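Chemist: can't give you the sequence, but here's the structure:
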């Protein structure tokens, strides 16, 4: 996660969450917001549920930002062998 | 022993400046919420250790932070770390950063669009909280002025927020347009004598008043004249930058409009221009001396195209006559090569016997005066651009 979101959640480094059912972008973000409620509204906009425009998602080196949030993610992500990345755009000053 | 606490919001975090009543030596804490834009911080008049902060980001949206110990520690009300997001009966708990416009049929007229810069209709989209105004007598009641312009209220210490939809829905909302900084509700004044009365101001719509605790509203812009809009005397559409009130004389309001400094003696029902001998009457801030209800302060800015002081001289102007007659206050302020701006919420006064006046600049300076503006000293010189300044007085 971007540093500002780690600060907000009070964590350092990678975050581990337990996901029940199929591992998708949606299920990971749902689990993340459940474990860290202070992140609600920061990655996905509150009302629309849309991804905030300066954020992107990567899995196993692939940009999955524009894939369906319900697509199953690779086994490496589901098993925790590879991290799921929430990346903030490098923009502004 | 008296002391003061100055709350400073900047582009990259919040800072808290504290001093004793002499206001000569200052302790600086911060940055709090480093790297985030802090549009505004304000303390509760009923419980000065209760502070609220608007923390916002183009990346991550809006966060509301609260401190119950005067800014030593902070948390997001409604979503404390480690707690479940639902109550035992499965209901969602509060989310302090959730601002949802009220478009229900039960509470008013669903309003879906306002005007864009080019006059086309745009849907209302929440962007950020510009101004936080705690209740005068209950620390758990707090108002938030937001962009796109609307007024929200929390009655549980910032855990959850509900719009007061009568403002957007009173009839002129579809005509409101954004100013250059966005369509923001930036000023909230809770009348200390008439507790049912609230004033707000919006760029670029104008000033509005409620006499029933925010349920219904009316525009209060008669007398404002704005050459830059199609009808210069329109009921709404004026780019009001800030409004100030003296608590002992609450029917008198002072306004820094885009251009023009104005005053009202009838709670906003009518306005007259009091720019008088100001070298330029463009500006953002305006404030009132705490003990002299006719002593007011502005910082003239060259123009809407050049947001810096005239001639590179940073000058606060003071009127002791409620406007029209102004004197330049320059002692201690840079009088050459100064090209900073002073934004609309970046001036405040303390209430000590010898009144303190404070303002912050986009160059990162916070200047303070312990003698009603006669002399100035930089408290800090190198903060990020200052967005807001508030003061708490402890005597």
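Modeler: Arrived safely, thanks for sending. No experiment lies behind these values; they were computed from the predicted model shown. Residues are numbered from 1 along each chain as shown, chains lettered A, B, ... in the order given.
Chemist: run through the helices of chain A in chain order.
Modeler: Remark: helices assigned in chain A by DSSP state H are A:3-9, A:25-35, A:75-79.
Chemist: got the contact list for the shortest one?
Modeler: To tie it back to what came earlier, the one meant is helix A:75-79. A:19, A:23, A:28, A:59-60, A:82-84 (Cβ atoms under 8 Å, 6 or more residues apart in numbering or on different chains). Backbone N, C-alpha and C define where each C-beta goes, glycine included.
Chemist: how distant is it from the center of its chain?
Modeler: The chain centre lies 14 Å from the centre of helix A:75-79; the measure is Cα atoms, centre = their mean, to the nearest Å.
Chemist: and if you look at the second one?
Modeler: Averaged C-alpha coordinates place helix A:25-35 at 7 Å from its chain's average position (Cα atoms, centre = their mean).
Chemist: who does it touch, helix- and strand-wise?
Modeler: The helices and strands touching helix A:25-35, judged by 3 or more Cβ pairs under 8 Å, 6 or more residues apart in numbering or on different chains; DSSP states H and E, number zero.
Chemist: who's in contact with it?
Modeler: By Cβ under 8 Å, 6+ apart, helix A:25-35 touches A:15, A:17-21, A:39-40, A:43-44, A:57, A:64, A:67, A:69-71, A:73, A:77, A:84, B:84-85.
Chemist: my guess is residue B:285 meets residue B:255, correct?
Modeler: No. Residue B:285 lies out of contact with residue B:255 (Cβ atoms under 8 Å); the separation is 11.3 Å.
Chemist: those two: who's more crowded?
Modeler: residue B:255 (27 against 24; other Cβ atoms under 10 Å in any protein chain shown).
Chemist: my read is that one is in a strand, agree?
Modeler: Yes. Using DSSP: H, G, I helix; E, B strand; the rest coil, the secondary structure at residue B:255 is a strand.
Chemist: what pLDDT is listed against it?
Modeler: Looking at residue B:255, its pLDDT stands at 98.
Chemist: beta-bridge partners for it, please?
Modeler: residue B:243, residue B:262 (DSSP bridges).
Chemist: residues contacting it?
Modeler: Taking Cβ under 8 Å, 6+ apart as the test, what residue B:255 contacts is B:201, B:207, B:240-244, B:261-264, B:271, B:286.
Chemist: phi first, then psi, for residue 54.
Modeler: The chain I'm using is chain A. Backbone dihedrals for residue A:54, given as degrees, to the nearest 10, come out at phi -90, psi 10.
Chemist: not quite, go with chain B.
Modeler: Dihedral angles (degrees, to the nearest 10) for residue B:54: phi -100, psi 110.
Chemist: around the nearest residue to it once chain neighbours are set aside, how many other residues sit close by?
Modeler: Leaving out its chain neighbours, the residue that sits closest to residue B:54 by Cβ to Cβ, 6 or more residues apart in numbering or on different chains is residue B:129, at 4.0 Å. By the criterion of other Cβ under 10 Å, residue B:129 has 26 neighbours.
Chemist: likewise for residue B:201?
Modeler: 31.
Chemist: element containing it?
Modeler: strand B:198-203 (DSSP states H and E).
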